[in-house]
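Undergrad: What follows is a protein structure lacking sequence information:
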């Protein structure tokens, strides 16, 4: 059950991404958006939370969740990066790190 | 482990409230709000989801979660009801039903 | 944002599966198991919960989550069905229904 | 929206407790238990996850969730500490830290 180093790293990246995304949803409330942000953040927080649980329980399909999560994170990073707000830029950065960690985990 | 009638009813009310609230968050994105809606909906969806899990596992503190959930639902219902959008009115209605079911469960 | 009939049906199947799975985890605690049940139930509850959220927010990758969920549900149904306990049989049935609904949603 | 130091600390304690608890549920599957462990862990993981979300979105009732979470964590710590397995001892330790952080947050 003990996680190896890359699993622990991926769990932390997913936890950080989930909170950055959820915080960004709140920060964007009432603000106009020209793209999918912060709707993408709501989706990204949900799949990141699943990945944390999946790695924690050593789930059979953990690689599949992480592969899909990497896709969602890349998309969310692109959407948020297009907004100049600090909170969107920070969210994009958390998404990029999480995409990398999930991609590595899925490989 | 089998749930009795009022537990089942409360689980259903919480599930319905969680989805109504989450849908309302998305429907409100980019719209101006004069009050806590849809931030209250994000919070309400989270505690409703906890209550569903708590009743499902016959949790020791289930009554406490439900008591708190009833408070959150009442607040969220008031906030959403102040907005004329159909989706806010529907959300307020789901919150009111859930507040009642949770109050009964907590008693 | 309003869901169509098959989305609503799939949300309900996922909600029912998530609660059946979580209840089965608790019912199996302390009991010997010859296979992946109830560990599969813990995983299945998590992906079902994600699917509920994804359909509720009309997520971009909803079909992908549902496709993966159908796989998890089929596996979980097979594992639980191999146990004679009533709770395992009920869980297997909820998983099978959810697999069908998710497969239809993913198509 | 930016969290202060004690909020960040509490979020981290809740994240660590949620994963320790979920891992302990899996580690205990099929093992006999003389008390509420690992059922308490399932409940504790759920309320900890709620607290993470609540602090992240600066929820109106965050203090109330944290106060309740502190109670659940204390109970779960006592249950797990009564088991000699390494995973139960580690879980108890994570629960104790989380109870302290949540108590401080609720104050």
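TA: The structure has been received and is ready for your questions. Given the structure is predicted, the values throughout are model-derived calculations rather than measurements.

Undergrad: what about residue A:86, how many neighbours?
TA: 10 (other Cβ atoms under 10 Å in any protein chain shown). Any C-beta I mention is one placed from the backbone N, CA and C, and that applies to glycine too.

Undergrad: what do you get for residue A:32?
TA: For residue A:32, the neighbour count with other Cβ under 10 Å is 9.

Undergrad: who touches it in this structure?
TA: Going by Cβ atoms under 8 Å, 6 or more residues apart in numbering or on different chains, residue A:32 touches residue B:30.

Undergrad: Could you pull up the contacting residues of residue A:20?
TA: Taking Cβ under 8 Å, 6+ apart as the test, what residue A:20 contacts is A:90, A:91, A:93, A:94, A:95.

Undergrad: Check what pLDDT the spatially most central residue of chain A gets.
TA: Centroid-nearest residue in chain A, with Cα atoms, centre = their mean: residue A:17, separated by 4.2 Å. Listed pLDDT for residue A:17 reads 98.

Undergrad: for residue A:1, same thing?
TA: You'll see residue A:1 listed with a pLDDT of 50.

Undergrad: right, and residue A:97 touches residue A:12 too?
TA: No - look at residue A:97 against residue A:12 with Cβ atoms under 8 Å: they stay out of range, at 9.4 Å.

Undergrad: For these two, indicate the residue with more neighbours.
TA: residue A:97 (19 against 16).

Undergrad: Please, which helix or strand holds the nearest residue to the more buried one once chain neighbours are set aside?
TA: In this structure, residue A:97 finds its nearest non-sequential neighbour in residue A:13, 5.2 Å apart by Cβ to Cβ, 6 or more residues apart in numbering or on different chains. Element membership of residue A:13 [criterion: DSSP states H and E] is helix A:5-28.

Undergrad: residue ranges for the helices of chain A, please.
TA: All helices of chain A, identified by DSSP state H, fall at A:5-28, A:39-56, A:62-81, A:86-106.

Undergrad: For residue A:25, which non-adjacent residue is closest in space?
TA: Leaving aside its chain neighbours, residue A:25 sits nearest to residue A:38 (4.5 Å; criterion: Cβ to Cβ, 6+ apart).

Undergrad: dump the residue contacts of the one you found.
TA: Contacts for residue A:38 (Cβ under 8 Å, 6+ apart) come out as A:21, A:24, A:25, A:27, A:28, A:29, A:80, B:29.

Undergrad: Look at the first one and report its pLDDT.
TA: Just to be clear, that refers to residue A:21. pLDDT for residue A:21: 98.

Undergrad: same thing with the last one?
TA: If you check residue B:29, the pLDDT there is 97.

Undergrad: Next: the second one.
TA: Here the pLDDT value assigned to residue A:24 is 98.

Undergrad: what residues are up against it?
TA: Residue A:24 neighbours (Cβ under 8 Å, 6+ apart): A:37, A:38, A:41, A:80, A:87, A:88, A:90, A:91.

Undergrad: Could you rerun that using 10 Å?
TA: Going by Cβ atoms under 10 Å, 6 or more residues apart in numbering or on different chains, residue A:24 touches A:37-38, A:40-42, A:44-45, A:76, A:80, A:83, A:85, A:87-92, A:94-95, D:1, D:56.
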